[in-house]
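A.B. asks: heads up, no residue letters with this:
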């Protein structure tokens, strides 16, 4: 495995001793994952352990009850994928794997579920927090990650940039962690599909890695890679349609956002909480009733569903203006800020008959699907109390 | 299971005895499959046993070495799917399952691999042969299937029509076996993907069956079924691209066709042979060398590859007119007779917001993919002897 | 599926309408599971929803990070298994499935992890609590389950007895839910193996169900069932060895027990809490430090390991008498109260050559493994503070 | 992957070119397998291609209809496993992988199914033939394997010894290919289970390889490896019980042996045939009727079944002495020559608490199962013609 090369002396000279020094984590998605040295110290650190209590898919377990997996497993999985990809590409440097392990360490409670609210209140997204943990800054001043990195000779600032996909010094490593084909996504698509119990998300990552090469600082597929890259694009679309944009997941998360915004004692330290600490705070605050409804899965119900247009939206918003703000949700799926074709990442590069091409230009399937995510739906859901009124009101549209 | 209702007396009154009367076939795709009574007698009959020696994917095992599965397992699998679908729809009649078990019983050696050649010589396709076996006609005059069917009160003619998807008396059963969503395909897509070792072909058939209803004589999906139907359409396209139209599979099969056409002792009874009997005949005939090349995987190599146009094809054909007919293959992928959007079956019906719709009209993904299969490629491959000359000749195009 | 027979009128007469009335839960272990009517109302009830927040394996996720699955999914899975088994046996009654759905509804926080402590303090095990929820008694006086059951014509008392495996009125149903071969276990073995990421737990339950019959009030295997029953026995042993008795899981759970016993504000209502409410209570109480250690996976470390004998245990206990009670853990694996051969349930009944036999008498493998679980290990683990001293002290033994 | 290190120049300097030079074989069991250079030339050679037509499990497909997999795929799989194990152990030498690829190249038609008969007639077992192919000797004088090996600098004689597990020069490599824990078996157990459709054969080989070390020339497990080694022992037993010693597989194979022994034109070159050539020879010889019965699955039926003792066997043999030799089969399962505990290979070595131990001494499960395979059954089966008489005759025993 990857680590066999790290401590060649001990590994070769005294294999028994060496074998006592690593751990194996059994991962339902990737099988046994070896952890040692730097990786082991990061995993054991307090803020990495905190990820055990941040669900990967926020409140989606209310719809897919198996979806209780956390950022902890995903981060370990992304590291494993980074090791596999590095090995396949002949990259000996550990930076991609370190960055992959750390890439989500700053996630707020409920992952992306409350990210809009936190951004609105405190002006931070999870990448900012990830940098804070890696650098030991801001609310994460007591993070031990920078010390661990330095002890092993790594520069925390450089790692933070690779981890957040923005490194100019290491553009290849950056794109391995966050690019059109990246280890983050190859782990989470497969993981989310497994835990949600949906029959999709099958990506033959070994075949993919076997057919990727490095050109300059780019990851490029050879011709044989095209069907595998197509299957990733399809999997992405199916997972967005089926899971990530599931209307009920979104309703639950918006309700949680309402509950938080109503809370009297907001504080930027809330972003450091775990899921359960956050819920507990709300259960003991002034929006406890709403939170309990969420946890008991008494959710707003869909009162209206139609095609999205700017006009219909403003029409509906004005019809609903007499209702309490937190009595209903007007949601657009996919969300307005979602840039379909670019989020679907149909710009991966491939070698095709001697030329470097965008996958979109050589795969008619990729091209065909590019437009697919642009159709938007408008969904209005309402609390139990207001459901009948709102339904009636919007009935005529 | 399905059979539990068939012999209620014995099943309920003397379960031990009853349990001695059925067999369980372990199927890598569908798990344990119970067989008894009529089904057991059909399976034990000589012409059904013959299917053990007809590979499901002809010579594709030369490309995908795991693809040694046969029409035998697929036929049992289609029967199993028919039982599951019948149960889900509340259909008590055994006709769909009987027809599914028999639907491929007339397949010629190497399944679809030589079907064009046989049709050219003897004017028969496999459906004709299937009818012959079920009716005990033509070359299959000694078939025991009609007797078995009649013994259990079924009309062989009616079963033959359902089995070949052409029954006017039982249109629903016909469409269950051969329609836009059918048990034949739901078995073979999953089976072929598994044995070819390709990471696709994942169809959640249980979810699909749970979301299909009968309207008149149609199988119709409810709204919840849309993502599953989309995933079938995608699986179909991926399997065509990756396996069924794989250029090397097609080369091997064309070569086998050449070997057969060269053979001096052709005979319509050849359609009754098994794969190995057929190969053996050719190995002992005047095209033995070509056959041995195929079996040893010394195949024609690709000498030219380009986009298909009528012009380029006639251009190439005239350039190659001085070569022996069997020295090269000009192939179009997908083949000219392949009608993409209809073979992709994007016309399944679904209930959507109160109306019955074509899946194409409600799924932008299905619509997007409809055009995808129409791009055609032209491939010229050549025997070892002529490869260099042909390659040079076509180089300038 | 199972439910198709429940509302035959609507199902047959107006399938579209009917299809709007059920839900499908996607389960990573069992695939799509249909829920309607009574089952749907139970699932929606508050105390069933509470199971979303009770982890199936307590703190084992600290060792197997994928093990975040909950009693919610397991209960739905056990219901599904009960429907499948009922169908296979020709049992039309819904009681086994209802009882399976409810069999764990009273589980305390962290499932079995704290059961000893709760029993010591309040004299209750989870079966008592399950009865309380089903009957609406004791701390669960506000449970809506009895009303739901009565609305559909079921007697809560009778269901409670089947759910806890103690019904004299319905001994067959009781044994289906809790017996030598039961739906509870067939779900949890497969589920725990999947989520722990261990390559075992493969039980071909379809084959098993196909080979079970009812004799009197017993579930009995026919001869064909023997290999499958053997594989269940093996799976049980492997799962006990690998997961359920994993020394680190047990350490974490004992530490949590210590934290609870130290807490000043214990209250029998704690048994009604969810995992996160329980942790939150402790985090805000006087044992907060210990709880935070557990959550950050700073666990006691193994200071001694040897074969168990009564003598060695009392020896060790006296050596450790000067240490604070909560500074160390003396653990025996498997625990003393664990009756290996009976817990391994090698007493399932099978028909073998005309006679009814105990599996132990006809399977030499079952017999061979009966003794396997009796070897006991003694493990002493210690807090960081006392580790060195205790290690030195026990070194000489 | 493995190959990345083989041609470092090209791999690093011109990855695009390099990627054109290897093939990927999609394997249902192991996923994508890269093949290049020496490995590619061996796979393309005539005698390796011949393995496509030697079924891995002889006639077992008559019982498990999915079991059509061949020695071709298994040999590629064993090579892949050897590469994975080498990498894990830090072995850079390609010899283990080359030997694994070639270890079965001399298999006679129907694998082990006729090995007894061939040995009786010609005094050769498949290892002898494997050596002949690798050395280009005996009936395999035209083998190109020795030339290919020498071209790449390998000594055919040395490879032949590693391939047949008898090398004194390379004892570690020898034991990797054929030892108590070997790549041959780790491939075939998983492969046979998958294709037979039996829910077992799950071996976490990655975890196993991660916990093996080299001591001197031995492969030794560390303590963590024990549960995985136990699971291999169990899988072996289950696969022997369920598949390899399945009474009907054995009947079919014995019948084929009879047909061959009856044949007038036996010839040691028959050992070079493929399955289909062999069947074809028999179908055109004087035992054609018996062969057709086998192919149509008209097999001898079990007329008697009891515990084996020497006495009962001689008793039965004398009772049957008036029947034609080929009218019945007296079979002992497991066969007399099968040395249970050693075939179950419970002598793998492990490090346990500082000492090197036999797995049997540290795993009570391994120990418990050691005796399990010694119970022998006696089975008499008879042709249709003699079944009634033989059954009656043996009834009184």
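C.D. replies: Done, it's in. What you see is a predicted model; the values in this text were computed from it and never measured.

A.B. asks: Please count neighbours and contacts with C-alpha atoms only from this point.
C.D. replies: Fine.

A.B. asks: and chain A, which residues reach chain C?
C.D. replies: Proximity of chain A to chain C, by CA under 8 Å from any CA of the partner chain, involves residues A:25-29, A:31, A:44, A:46, A:49-50, A:52, A:63-66, A:68-69, A:72-73, A:194-198, A:276-277, A:280, A:295-297.

A.B. asks: measure the residue of the stretch 151-300 of chain A found nearest chain C to residue A:64 for me?
C.D. replies: The stretch 151-300 of chain A approaches chain C most closely through residue A:197 (3.8 Å), counting by CA to the nearest CA. Using CA to CA, to the nearest Å, residue A:197 is found at 7 Å from residue A:64.

A.B. asks: cool, and residue A:87?
C.D. replies: For residue A:87, the distance to residue A:64 - CA to CA - is 35 Å.

A.B. asks: The stretch 51-200 of chain A: strands as residue ranges?
C.D. replies: Secondary structure of the stretch 51-200 of chain A (DSSP state E, counting those that start in this stretch): no strands present.

A.B. asks: Which part of it gets nearest to chain B, residue-wise?
C.D. replies: Sorted by distance to chain B under CA to the nearest CA, the residues of the stretch 51-200 of chain A start with residue A:199, at 5.7 Å.

A.B. asks: try chain A
C.D. replies: Counting by CA to the nearest CA, chain A gets nearest chain B through residue A:368, at 5.0 Å.

A.B. asks: Relative to the whole chain's centre, how far out is stretch A:376-387?
C.D. replies: Relative to its parent chain, stretch A:376-387 has a centroid offset of 26 Å by CA atoms, centre = their mean, to the nearest Å.

A.B. asks: my bad, stretch A:130-146
C.D. replies: Distance, stretch centre to chain centre, for stretch A:130-146: 20 Å (CA atoms, centre = their mean).

A.B. asks: so where is the stretch 201-350 of chain A shaky, pLDDT-wise?
C.D. replies: Applying pLDDT under 70 to the stretch 201-350 of chain A picks out residues A:201, A:339-344.

A.B. asks: er, the stretch 1-150 of chain A actually
C.D. replies: Judged by pLDDT under 70, the stretches of the stretch 1-150 of chain A that qualify are A:1-20.

A.B. asks: Swap in 80 and give it another go.
C.D. replies: Along the stretch 1-150 of chain A, segments meeting pLDDT under 80 span A:1-21.

A.B. asks: Where does it get nearest to chain C, residue-wise?
C.D. replies: residue A:28 (3.8 Å).

A.B. asks: Kindly provide the distance from that residue to residue C:64.
C.D. replies: Residue A:28 is 9 Å from residue C:64, by CA to CA.

A.B. asks: where do the contact lists of those two overlap?
C.D. replies: Both residue A:28 and residue C:64 are in contact with C:196, C:197, where contact means CA atoms under 8 Å, 6 or more residues apart in numbering or on different chains.

A.B. asks: Tell me how many other residues crowd residue A:123.
C.D. replies: 12 (other CA atoms under 10 Å in any protein chain shown).

A.B. asks: Would you quantify the distance from it to residue C:187?
C.D. replies: Residue A:123 sits 46 Å away from residue C:187, going by CA to CA.

A.B. asks: thinking again about what came up before, can you give me the neighbour number for the residue of the stretch 51-200 of chain A closest to chain B?
C.D. replies: By the criterion of other CA under 10 Å, residue A:199 has 19 neighbours.

A.B. asks: Please verify my assumption that it contacts residue B:203.
C.D. replies: Yes - the pair residue A:199 / residue B:203 is scored as a contact, 6.5 Å apart, by CA atoms under 8 Å.

A.B. asks: does any part of the longest helix seen in chain A sit near chain D?
C.D. replies: Assignment by DSSP state H gives helix A:71-89 as the longest helix of chain A. Yes - with CA under 8 Å from any CA as the criterion, chain D is reached by helix A:71-89 at A:87, A:88.

A.B. asks: circling back to that earlier point, where do the contact lists of residue A:197 and residue A:64 overlap?
C.D. replies: Contact with both residue A:197 and residue A:64 is made by residues C:26, C:27, according to CA under 8 Å, 6+ apart.

A.B. asks: Check what pLDDT the closest residue to the residue of the stretch 1-150 of chain A closest to chain C other than its chain neighbours gets.
C.D. replies: Spatial nearest neighbour of residue A:28, excluding adjacent residues (CA to CA, 6 or more residues apart in numbering or on different chains): residue C:197 at 3.8 Å. At residue C:197, the pLDDT value in this model is 94.

A.B. asks: need the contact list for residue C:197.
C.D. replies: Applying CA under 8 Å, 6+ apart, the residues near residue C:197 are A:26, A:27, A:28, A:29, A:31, C:64, C:66.

A.B. asks: So what does the second one look like in phi/psi?
C.D. replies: Reported as degrees, to the nearest 10, the phi and psi values for residue A:27 are phi -110, psi 120.

A.B. asks: Hmm, it is touching residue A:73, no?
C.D. replies: Yes - at 7.4 Å, residue A:27 counts as touching residue A:73 under the criterion of CA under 8 Å.

A.B. asks: quick one: residue A:61 and residue A:70 touch, right?
C.D. replies: No - with contact defined as CA under 8 Å, residue A:61 does not reach residue A:70; the gap is 11.2 Å.

A.B. asks: Let me see the backbone angles for the residue of the stretch 1-150 of chain A closest to chain C.
C.D. replies: According to degrees, to the nearest 10, residue A:28 has phi -60, psi -30.

A.B. asks: of all of the stretch 51-200 of chain A, which residue lies closest to chain D?
C.D. replies: Closest residue of the stretch 51-200 of chain A to chain D, CA to the nearest CA: residue A:88 (5.7 Å).

A.B. asks: rewinding a little: please report how far the residue of the stretch 151-300 of chain A closest to chain C lies from residue C:33.
C.D. replies: For residue A:197, the distance to residue C:33 - CA to CA - is 11 Å.

A.B. asks: what's the overlap in contacts for these two?
C.D. replies: Taking CA under 8 Å, 6+ apart as the contact rule, residue A:197 and residue C:33 both touch C:26, C:27.

A.B. asks: can I assume residue A:175 is in contact with residue A:184?
C.D. replies: No - the pair residue A:175 / residue A:184 is not scored as a contact, 10.3 Å apart, by CA under 8 Å.

A.B. asks: what sits up against stretch A:378-385?
C.D. replies: A:251, A:299-308, A:313, A:327-333, A:387, A:390.

A.B. asks: Looking at the record's assignment, how would you partition chain A?
C.D. replies: A:24-246, A:248-336+A:377-394 (automatic domain parsing).

A.B. asks: Determine which stretch of these is the most buried.
C.D. replies: Comparing the domains of chain A on average neighbours per residue, with mean count of other CA atoms under 10 Å in any protein chain shown, the densest one is domain A:24-246 at a mean of 21.

A.B. asks: Check the separation of the first and last residues in that domain.
C.D. replies: 35 Å.

A.B. asks: Off-centre distance for that domain?
C.D. replies: 8 Å.

A.B. asks: Taking the stretch 101-250 of chain A, what residue is nearest to chain D?
C.D. replies: Counting by CA to the nearest CA, the stretch 101-250 of chain A gets nearest chain D through residue A:207, at 5.6 Å.

A.B. asks: element containing that residue, please.
C.D. replies: Using DSSP states H and E, residue A:207 falls within helix A:205-210.

A.B. asks: swap in residue A:24?
C.D. replies: strand A:23-27.

A.B. asks: quick one, the helix or strand following that strand and helix A:71-89 angle?
C.D. replies: Next helix or strand after strand A:23-27 toward the C-terminus (DSSP H and E): strand A:31-35. Counting by axes from the mean of the first three to the mean of the last three CA atoms, to 10 degrees, strand A:31-35 lies at 80 degrees to helix A:71-89.
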